[in-house]
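Visitor: everything below, folded, please.
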Amino acid sequence: MVTRRSMTSDMFGNFGHDRVRERLETIRARSEKSSSWRSMTQYVSRLVNREGFVPIKARLAREDIVFLASARDDVIAFCEMTLRLIDLHQPRDAGGLTSDTDNPLCRCRACMWRWPCPTFRAIQDAVDRTPGS
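Guide: Here you go, the predicted structure:
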């Protein structure tokens, strides 16, 4: 069975899709190996000293250190990628007649799916997800 995604990839080339997927999978794997600091944040926030720092003595696993070393750059890269996707996937008037003038039919200007398109919905779901869930 040939899917739309594989057919499009075969017809127009890969355009770095594998590289992007590999980077995302690497970041996800590194994140999954590291420990969550969520439970410690309330405790640690009370330890801020006069200079605005928290003196911490912690036992970190090698995976935690690898994760923390690139976490900032990874988050910035994800934000940039997501903002570019949002710039690409925006609603546009689909044209034609409509009986509901307050809510005209819109399509995504990038993929032409009915708005909101699957790409925007996936981004929106990820952004709206509550932390820790």
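
Visitor: so what does the strand or helix carrying Thr41 touch, helix or strand wise?
Guide: In this structure, Thr41 sits in helix 41-45 according to DSSP states H and E. Contacting helix 41-45 under the criterion 3 or more C-beta pairs under 8 Å, 6 or more residues apart in numbering; DSSP states H and E is no other helix or strand. The way it works is simple: take the backbone N, C-alpha and C, and place the C-beta from them, glycine included.

Visitor: go through whichever helix or strand comes after it and flag the buried ones.
Guide: With elements assigned by DSSP H and E, the helix or strand that comes after helix 41-45 is helix 62-88. If you call a residue buried by 16 or more other C-beta atoms under 10 Å, then helix 62-88 has these buried ones: Asp64, Phe67, Asp74.

Visitor: so what's the second one up against?
Guide: Residues touching Phe67, when contacts are defined by C-beta atoms under 8 Å, 6 or more residues apart in numbering, comprise Arg30, Ser31, Lys33, Ser34.

Visitor: what's the distance between it and Leu47?
Guide: Here the criterion is C-beta to C-beta, to the nearest Å. By it, Phe67 lies 22 Å from Leu47.

Visitor: and the pLDDT for the residue nearest to Cys117 when sequence neighbours are not counted?
Guide: The shortest distance from Cys117 to any non-neighbouring residue, by C-beta to C-beta, 6 or more residues apart in numbering, is to Cys108 (3.7 Å). Cys108 is assigned 90 on the pLDDT scale.

Visitor: check the burial of Cys108 by counting its neighbours.
Guide: 20 (other C-beta atoms under 10 Å).

Visitor: quick check: phi and psi on it?
Guide: Dihedral pair for Cys108: phi -70, psi 130, per degrees, to the nearest 10.

Visitor: isn't it right up against Arg92?
Guide: Yes - counting by C-beta atoms under 8 Å, Cys108 touches Arg92, with 7.4 Å between them.

Visitor: about what we covered before: in helices only, show me the contacts of Phe67.
Guide: Among the contacts of Phe67, the members falling in helices (DSSP state H) are Arg30, Ser31, Lys33.

Visitor: mind checking how far the spatially closest residue to Ser34 that is not a sequence neighbour is from Leu105?
Guide: Spatial nearest neighbour of Ser34, excluding adjacent residues (C-beta to C-beta, 6+ apart): Phe67 at 3.6 Å. Per C-beta to C-beta, Phe67 is found 45 Å from Leu105.
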